[in-house]
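K.L.:
Dropping the sequence and predicted coords here.
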Amino acid sequence: GDSVTQMEGPVTLSEEACLTINCTYTATGYPSLFWYVQYPGEGLQLLLKATKADDKGSNKGFEATYRKETTSFHLEKGSVQVSDSAVYFCALSDQGYQKVTFGIGTKLQVIP
Amino acid sequence: SAVISQKPSRDICQRGTSLTIQCQVDSQVTMMFWYRQQPGQSLTLIATANQGSEATYESGFVIDKFPISRPNLTFSTLTVSNMSPEDSSIYLCSVALSRSPGEQYFGPGTRLTVT
């Protein structure tokens, strides 16, 4: 079945540091890939997505590129802020289906 | 997009009792989902609730334990029945907009503690 593997946290960074959260996936077809973010006390919200190979999703300074050859979708940001402290979930959805498979989530803490 | 609210936001319940969680959406949606997020773990899909049909449960979840209602296109409830401490978790509802497969909007969650 489909699965998502992401690095376990917590990840602690100083403000303005570079961020990479690794994510790899296993799927039978050609899935769409997502990063969701959960800020403290809030529900999950979609951060970015990519629907086909080599697509790059971006939002709020975060980027991730759909790499079919390495089945990866790593999340990156060049300079993190304290307000980026949250839990980040990598996820996939098989094409045409609404069911989403989530990774375990990576907690990011950014310190001033 | 969609705005989703859940009630209650948190509750502490005794073993053997039941709790019903409500999920309200600000627009009409066909597909709603219920998830469980246990401490330190990812989201696990409990069931998919489409208006006008029976909920579809994932492996490991049964209707007797987690009955779901979906009376209209903006509302759903999930009941956690005969609770045990293992049911302590965050329960989340979400909705899907049919034009974007896999893209879901989540409520803030209900934090349940069973003592």
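P.N.:
In hand now; what should we look at?

K.L.:
Residue nearest the middle of the chain, spatially speaking?
P.N.:
Since you didn't name a chain, this refers to chain A. A centroid search over chain A (Cα atoms, centre = their mean) returns residue A:35, at 3.4 Å, as the residue closest to the centre.

K.L.:
Sorry, I should have been clearer: chain B.
P.N.:
residue B:34 (3.1 Å).

K.L.:
That one and residue B:46 touch, don't they?
P.N.:
Yes: shown here, residue B:34 and residue B:46 form a contact pair, counting by Cβ atoms under 8 Å, at 4.4 Å. Every C-beta, even on glycine, is put in place using the N, C-alpha and C of the backbone.

K.L.:
which residues do these two both contact?
P.N.:
Common contacts of residue B:34 and residue B:46 (Cβ atoms under 8 Å, 6 or more residues apart in numbering or on different chains): B:66, B:78, B:91.

K.L.:
Filter those down to the buried ones, ChimeraX style.
P.N.:
Remark: buried members of those, expressed as a ChimeraX selection using 16 or more other Cβ atoms under 10 Å in any protein chain shown:
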select /B:66,78,91
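
K.L.:
between the shared contacts of residue B:34 and residue B:46, which is nearest chain A?
P.N.:
Checking the shared contacts of residue B:34 and residue B:46 against chain A with Cβ to the nearest Cβ, the nearest one is residue B:91 at 11.3 Å.

K.L.:
Surely that closest one and residue B:112 touch.
P.N.:
Yes: in this structure, residue B:91 is within contact of residue B:112 by Cβ under 8 Å, at 6.2 Å.

K.L.:
which secondary structure element contains the most far-flung residue of chain B relative to its centre?
P.N.:
Most distant from the centre of chain B: residue B:99, at 22.0 Å, with distances by Cα atoms, centre = their mean. Using DSSP states H and E, residue B:99 sits within no helix or strand.

K.L.:
which stretches of chain A form strands?
P.N.:
In chain A, the strands defined using DSSP state E lie at A:3-6, A:11-14, A:19-21, A:23-26, A:32-38, A:44-50, A:56-59, A:62-65, A:75-77, A:86-93, A:101-102, A:106-111.

K.L.:
helices and strands around the fifth one, which ones?
P.N.:
For strand A:32-38, the packing partners by 3 or more Cβ pairs under 8 Å, 6 or more residues apart in numbering or on different chains; DSSP states H and E come out as strand A:44-50, strand A:62-65, strand A:86-93.
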